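1. Quick one: sequence and predicted model below, then my questions.
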Amino acid sequence: AGGWEKERRTETMKLKTAIEEIHLRHTFTISRESQDVVRVVTVELEDGGLTGFGEASPSSFYGEDAEGVRGDLELLEELVSDADPLYYRDILEQAAEVLGDRRGALCAFDTALFDLASRKLGAPLWRMLGLNPLRTPLTSFTIGIDSVEKMVEKLREARQYPILKVKLGTPQDIEVIRELRKETDAVFRVDANCGWTAGETIEKSAELKALGVEFIEQPLPPEELDAMEEVCRRSALPVIADENSIIPEDVPRLAGRFHGINIKLVKCGGILPALRMVHLARTLGLQVMFGCMIETSILISAAAQLGPLADYLDLDGNVLIEDDPYAGVENENGRLLLGEDWVRRR
């Protein structure tokens with residue numbers, strides 16, 4: 001006979017979704033919003049006695065909310081009913097056809113499906129991909145915008161972290177970094193979240209470099225992409241794209257405008273598109289960072305599986321919250337420990 005034939009399955013894969021509220025340790029402020037509570041959408045995919053966990057932390061900036069993501073996921077119930085999770089690429093291609101550009105739902109489904117497949121194969125995703133966990137970079141810890149005094153207090157609480165990401169986009173940005181620098185010799189990274197102009201970025205970059213800042217993340221609004229050519233050329237520090245780096249198709253136009261890209265699973269739609277973004281970035285000579293929203297250990301652990309592929313990590317969303325319902329990859333003072341364990345509910 002020859003050829004492949006679809007195996008007859010006796011199990012039925014089941015999809016469960018929930019909206020969960022998580023609470024932050026401190027009010028988290030960036031240049032455009034503040035948050036105390038975040039609503040995430042979690043997914044459980046059950047098959048043959050095993051459960052894979054997935055998550056989306058939808059952002060209104062990208063036109064999504066928890067109710068919409070959960071509703072989108074319900075469109076996949078028929079797709080999963082007779083599917084074999086080990087054929088995850090086929091399933092994800094079909095899911096992408098159903099969901100289109102609704103990437104929050106795709107991310108939650110993608111991460112749950114990869115988690116389930118890895119459990120069935122008996123190996124965590126980093127091992128399935130042949131990655132060396134010892135090559136995982138340290139992750140930064142994020143300090144949100146606040147008064148200078150409050151930001152110094154937050155830094156003191158995070159003194160054990162060797163890399164600190166500081167949110168900027170205020171009239172006193174340089175003063176903030178000067179005051180924080182008095183407290184620590186940690187590596188600083190700054191994120192303006194679209195809050196600067198091109199001229200501001202170029203001017204501030206020299207002062208920030210002198211204060212020990214490693215790079216600047218997304219200084220300009222995403223619609224000002226052309227202005228980033230001059231910034232990229234004249235900035236004293238590397239610039240990393242975030243709001244301009246959403247899906248694989250974005251990556252080619254970022255070469256020459258940024259020095260690297262920030263990949264977030266919930267922005268791009270999960271692990272499969274994230275891998276495509278890594279390969280595109282490397283082809284174009286761009287550096288790679290994996291970042292996050294405010295997320296539970298489900299999504300942080302999923303992104304951490306790809307950590308050995310990155311130059312930089314900013315996977316601290318779970319340590320910024322006080323009531324994470326899940327346990328996953330451990331964060332030991334910025335070092336993410338990739339082991340053989342999977343995510344579980346506490």
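-> Done, it's in.

2. Could you report the separation of residue 185 from residue 204?
-> According to Cβ to Cβ, to the nearest Å, residue 185 stands 21 Å off from residue 204. No exception for glycine: its C-beta is placed from N, CA and C like everyone else's.

3. And those two? Which one has more around it.
-> residue 204 (23 against 8; other Cβ atoms under 10 Å).

4. Relative to the whole chain's centre, how far out is the helix or strand that contains that one?
-> Assigned by DSSP states H and E, residue 204 belongs to helix 198-210. Distance of helix 198-210 from the chain centroid (Cα atoms, centre = their mean, to the nearest Å) equals 26 Å.

5. same deal with stretch 311-324?
-> Per Cα atoms, centre = their mean, the centroid offset for stretch 311-324 relative to its chain is 9 Å.

6. try stretch 296-313
-> 7 Å.

7. neighbours of residue 68, just the number please.
-> Neighbour tally, residue 68, other Cβ under 10 Å: 15.

8. phi, psi of it?
-> phi -60, psi -40 (degrees, to the nearest 10).

9. try residue 42
-> Residue torsions, per degrees, to the nearest 10, at residue 42 are phi -110, psi 150.

10. show me the contacts for residue 214.
-> Listed by Cβ atoms under 8 Å, 6 or more residues apart in numbering, the contact partners of residue 214 are 163, 187, 188, 189, 237, 238.

11. Any idea what the fourth one is bridged to?
-> By that I understand residue 189. Taking DSSP bridges as the rule, residue 189 bridges to residue 165.

12. That one: neighbouring residues, count only.
-> If we define neighbours as other Cβ under 10 Å, then residue 189 has 22 of them.

13. these two touch, right, it and residue 140?
-> Yes: counting by Cβ atoms under 8 Å, residue 189 touches residue 140, with 5.8 Å between them.

14. Touching both of the two, which residues are there?
-> Going by Cβ under 8 Å, 6+ apart, residues that sit against residue 189 and also against residue 140 are 163, 164, 165, 312, 314.

15. any idea which of these is closest to residue 109?
-> residue 314 (23.7 Å; Cβ to Cβ).

16. Pass me the low-pLDDT residue ranges in the stretch 1-150 of the chain, would you?
-> 1-10 (pLDDT under 70).

17. Would you map the strands across it?
-> Counting by DSSP state E, counting those that start in this stretch, the stretch 1-150 of the chain has strands at residues 14-29, 34-47, 50-56, 141-143.

18. Likewise for the stretch 151-300 of the chain?
-> 163-167, 187-191, 213-217, 239-241, 260-263, 287-290.

19. and residue 273, how many neighbours does it have?
-> 23.

20. Which residue is the nearest non-sequential neighbour of it?
-> residue 248 (5.6 Å; Cβ to Cβ, 6 or more residues apart in numbering).

21. any idea how far residue 144 lies from residue 165?
-> Residue 144 is 10 Å from residue 165, by Cβ to Cβ.

22. Could you check which of these two is surrounded by more residues?
-> Between residue 144 and residue 165, counting by other Cβ under 10 Å, residue 165 is the more crowded of the two (23 against 20).
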